[in-house]
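> No sequence on hand, only this structure:
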Ligand SMILES: [Fe+2]
């Protein structure tokens, strides 16, 4: 099987949508097309792929708001966890495998950020779509301690389940680069370094209090500190990253700086160190 995998900037709050498929079978899926379904379906069309499913990682509107248009464009059913409030066409369950041509997508139920959250694991190529559970350097926001404890257990389960060299692909571009590996996050993400629920809760409380004001102040400049050299270029023959067509995240493509080139030096590095979590119900 030749894998099609594209990470697409779809707008919103630096949302990522994804296109995965089996090129040989001409079949694929869309994941969280949200603000730009036509952009994703155009990519599928250009590669002569029929879309078999529109998958949502979770039911927050910034991930589901493109479902109707994506369905109109493709005729594909919407697949989401059975707890999703909008009654998906295909109800996914923990441990289920979706077969798309020769592509095997394993679904894991990972509540915490959202009760119906799933992550999508493609084990042959080592790809994990983490939605809003796990970002590069951060984790998903939670509104209660109980949800935070649930999220901690979901993350620990994920760490036990997938190998360190698995690449993670989040639902938002909140980190220093648009993707990472599970091993790297385990070593460097301050939330994944927490060994206990109590440490995890303490980290969340501290990081939220320390960072929310600073984050908002610099958000409009976020494009300055994305690892630009990793975007818009093929990182391997089977992995390709597609920039958003309308330039919502139009960062300077010639830059190779992994850290801010023009910013308040007192704010961004602190966010890096603390791994800020944005508790905004994303
Ligand atoms: Fe979310």
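Yep, it's here. These numbers were taken from a predicted model, which means no experiment stands behind them.
> Wait, residue 97 touches residue 108, no?
No: Residue 97 is beyond contact range of residue 108, at 10.8 Å (criterion: C-beta atoms under 8 Å). Backbone N, C-alpha and C define where each C-beta goes, glycine included.
> Mind checking which of these two has more residues around it?
Between residue 97 and residue 108, counted using other C-beta atoms under 10 Å, residue 108 has the larger neighbour count: 20 against 10.
> Can you name the residues bridging to that one?
Following DSSP bridges, residue 108 is listed with bridge partners residue 119.
> Would you check how far apart it and residue 38 are?
Distance, residue 108 to residue 38, by C-beta to C-beta, to the nearest Å: 29 Å.
> With residue 82 instead?
Distance, residue 82 to residue 38, by C-beta to C-beta: 29 Å.
> Kindly report the same for residue 21.
17 Å.
> Name the residue in those two with the higher neighbour count.
residue 21 (28 against 15).
> If we ignore the residues flanking it in sequence, what's nearest the more buried one?
Distances taken as C-beta to C-beta, 6 or more residues apart in numbering place residue 28 nearest to residue 21, at 2.5 Å, with adjacent residues excluded.
> give me the number of residues near residue 141?
20.
> now the one 10 residues further on
Using other C-beta under 10 Å, residue 151 has 28 neighbouring residues.
> That one: helix or strand, and which one exactly?
Per DSSP states H and E, residue 151 falls inside helix 145-161.
> still on that earlier bit, who are the contact partners of the residue nearest to residue 21?
Residue 28 sits next to 4, 19-22, 44, 47, 49-52, 100, 103 when contact means C-beta atoms under 8 Å, 6 or more residues apart in numbering.
> same check, this time on residue 30
Residue 30 sits next to 17-19, 37, 40-41, 44, 51, 53-55, 70, 74, 76 when contact means C-beta under 8 Å, 6+ apart.
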